[in-house]
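*Asks:* Using only what follows, build the 3D model:
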Amino acid sequence: MLDVFVAEPSHPRHFRHPGVSGLRHKAHLTERWEERTAQHLFFCYPEISRAGPFQDADAGWYDAVSGRRGDDIQMLDSNIFRDQMTVRRLRLAAGLIMLCYLTLHLSMHALGNISFEAMQWGTRIHDFIWHSMPGTIALYGAFAIHFTLALYALYDRRSFRMGGGELARLLLGFSILPLLLHHFAAGRYVYSAFDVTRRYDVVLTVYFSFVPFWGWRQITVLLIAWTHGCLGVHYWLRARSNYHKFAPVLLTSATLLPVLALLGIWQGTQQVFAQWQLHPEWLQMAVLEGHVRDPSVNGPSWNLEVQLYWIYVALLALVFVARAARWLIERRRGLISIAYPGGRVVRVPIGYSVLDASRRAAISHAAICGGRGRCTTCRIRVLRGVDKLPAPAASEQAALGRLLAGPSVRLGCQLRPSSDIAVLPLLPPDIGASESHRRDYSEASDIERFVAIMFVDIRRSTALVEKRLPYDVVFLLNHFFDAVAGAVVDTGGMPNQFVGDGMMAIFGIHGGPREACSQALVAAQLIHSRLADLNRKLADELPEPIAIGVGLHAGTVILGELGYRDRFLLTAIGDSVHVAARLQDLTKDYGCQLVVSDIVATTAGVEMSGFPVREVNVRGRAEPLAVRIVGAMNELVA
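*Replies:* Numbers count the residues shown, from 1 in each chain. This is a model prediction of the structure:
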């Protein structure tokens, strides 16, 4: 039984404080969000509060590329055969081999649109490849691997909650073999065991004249197998960023090839029937040479077909018996608890993946690839129990390394906890493939990094925009942001937030601390230059030149994507953001254009002793912060 317990946590709300506006309000909300998030997590997971905020999740340093931890080094699972992705890749490779066989098979049928002789020529090429010793080994080896691993996947699947496409692919896949057994027994087996020459005209005559049921059954299995294979390719490729570019070509090919094959079969059959009408004796000779009605051939063929049906049924039954046995064993081993946000706790047997647990409890959990480890949309942050998690397999570690994931981030489809944990899914459940790739390979995602933060705000903006039409205000602000954000981008930074008449920018997403601070100082100079150009350009439109205040600070922040559904933005969270916003406010008090912390100057290696220094108190910091007062940013030397 699956036990689900639901608690009702408090829901934090944000209130806008009077007098707090623009980017300062944004920084205030960010600070309050961090505080309330910590309180919310501690309420849902009291064990976290006893251990200290995120102490368990971030114990020791962690290198995502090498996979090494500080005090508790997790060794990678070097046994590739225990890696779930190894099994899935092997099944995929085997499936692709069989899809190649099917592609050539359909192409051979499509040649019937040219002539029956072309079909015969295509048959010789087909048989040369797939009836040769290497081709036979490759084809039947791929079939054995794919079918065996499909049975194992059916056994290993913990939940049958899936989308319509996934369910269709599963049902189509397991319906192929019973539909195909007659074709194997009456075709390949007869040709090999009784030394019967394979003739295309005999096959078409038997299937569409003597026993049309078998012909339509063969067409059905061809379409089912092709659809199953195409769905597999689709689910394999859809998480890739450039799939949408060539997906229309693949869809067109996947639709056109079976249509041409069916037309080719029809055209070829009509030509064969016309030939039999002109030469009835040829038909009798073909039936005799093909042993079409020979009991000594048909009897063993039918017996083999019946035996294969029973073997297939027995294998499926064995899988479900094994699932039942596993269910009994796992209940005796005990259950573990997986806690989700909102106070929901799911109890599942040891061996369940987190994604399986989510599906069993009907908890929405993103998994574009269906939980096959081909994407990273099911990734989670483990909030409790990180130190007791099993080591990630090589494939999971490689995926997390590409994301520069933190110490507590794991893939929900790969993580099979053996003790109680608390988790937080990191992506919305309805995320799309293109959106997931943008987040997977964005400039940074969910990491700690030393960056420089810049806040820019227009001074006396009310007087600047009053008595202007809304269109004129938008026009003016867009020109301002084009100048300021363009300067940021040209110096290596990233414009991050545009709120009202202000902007926040981040430097150092890719570079080191020195580069980040140097870029920020150069950007300040370039902003001054471009703002001056803008004021000259719009001199006749402005009652007075646009004046700005800039705050610049550097420190370690959390870089992550925040938002809702398909509206996510990479941003920075941390004390350094609040400090930079506060320094921008101080430009009003000091009547200057820039207030920059000494941390920025020291890290960049820039001498700023010529600028006045002040000690300022910033909320949340116990010690005063040394800052430099810069009257005009063109005075900087970076």
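
*Asks:* Low-confidence stretches in the stretch 501-638 of the chain?
*Replies:* 563-568, 620, 637-638 (pLDDT under 70).

*Asks:* which stretches of it form helices?
*Replies:* For the stretch 501-638 of the chain, the helices defined by DSSP state H, counting those that start in this stretch occupy 513-537, 575-590, 598-604.

*Asks:* Distance to residue 176 added to the ones you listed, as JSON lines?
*Replies:* All C-beta atoms are positioned from the backbone trio N, CA, C, and that covers glycine. JSON lines is the format used below for those (distance: least, Cβ to Cβ, whole Å):
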{"stretch": "helix 513-537", "distance to residue 176": "56"}
{"stretch": "helix 575-590", "distance to residue 176": "56"}
{"stretch": "helix 598-604", "distance to residue 176": "63"}
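
*Asks:* quick one: strands adjacent to the one helix or strand residue 337 maps to?
*Replies:* Residue 337 belongs to strand 335-339 when assigned by DSSP states H and E. Within its sheet, strand 335-339 is paired with strand 345-349 (antiparallel), strand 421-425 (parallel), according to DSSP bridges.

*Asks:* Can you tell me which of these is most buried?
*Replies:* Stretch with highest mean neighbour count among the strands paired with strand 335-339: strand 421-425 (a mean of 22; mean count of other Cβ atoms under 10 Å).

*Asks:* hang on, the earlier thing: among the strands paired with strand 335-339, which comes closest to residue 473?
*Replies:* strand 421-425 (40.4 Å; Cβ to Cβ).

*Asks:* which stretch among the helices of the stretch 501-638 of the chain comes nearest residue 337?
*Replies:* Comparing those under Cβ to Cβ, the one sitting nearest is helix 575-590, at 34.1 Å.

*Asks:* Could you check the angle that closest one makes with helix 513-537?
*Replies:* Inter-element angle recorded for helix 575-590 and helix 513-537: 40 degrees (by axes from the mean of the first three to the mean of the last three Cα atoms, to 10 degrees).

*Asks:* starting at the chain centroid, how far to helix 575-590?
*Replies:* What separates the centre of helix 575-590 from the centre of its chain is 38 Å, taken as Cα atoms, centre = their mean, to the nearest Å.

*Asks:* Stretch 583-603 now?
*Replies:* 41 Å.

*Asks:* still on that earlier bit, for the helices of the stretch 501-638 of the chain, which one sits closest to residue 318?
*Replies:* Of the helices of the stretch 501-638 of the chain, nearest to residue 318 by Cβ to Cβ is helix 575-590, at 58.8 Å.

*Asks:* what about the chain, any weak spots by pLDDT?
*Replies:* The low-confidence ranges in the chain, as defined by pLDDT under 70, are 1-84, 241, 290-291, 430-446, 463, 465, 467, 563-568, 620, 637-638.

*Asks:* The chain - how does it break down into domains?
*Replies:* 3-10+41-60+335-440, 82-295, 447-635 (automatic domain parsing).

*Asks:* chain center to the helix ranked longest in the chain: distance?
*Replies:* Determined from DSSP state H, the single longest helix within the chain is helix 295-333. Distance of helix 295-333 from the chain centroid (Cα atoms, centre = their mean) equals 36 Å.

*Asks:* mind listing what's buried in it?
*Replies:* 297, 301, 304, 305, 308, 319 (16 or more other Cβ atoms under 10 Å).

*Asks:* for stretch 146-153, same thing?
*Replies:* Using 16+ other Cβ under 10 Å as the test for burial, stretch 146-153 gives 146, 147, 149, 150, 151, 153.

*Asks:* Can I get it as PDB, trimmed to CA atoms?
*Replies:* Listed next in PDB are the C-alpha coordinates belonging to stretch 146-153 (Å, rounded to 0.1, in the frame of the first residue of the first chain):
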ATOM      1  CA  HIS A 146      15.600  -5.100 -27.200                       C
ATOM      2  CA  PHE A 147      12.900  -7.600 -26.300                       C
ATOM      3  CA  THR A 148      14.800  -8.800 -23.200                       C
ATOM      4  CA  LEU A 149      15.400  -5.300 -21.900                       C
ATOM      5  CA  ALA A 150      11.800  -4.300 -22.700                       C
ATOM      6  CA  LEU A 151      10.600  -7.200 -20.500                       C
ATOM      7  CA  TYR A 152      13.100  -5.900 -17.800                       C
ATOM      8  CA  ALA A 153      11.700  -2.400 -18.200                       C
END
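
*Asks:* contact partners of it?
*Replies:* Residues outside stretch 146-153 that contact it (Cβ atoms under 8 Å, 6 or more residues apart in numbering) are 87, 90, 91, 94, 95, 98, 173, 174, 177, 315, 316, 319.
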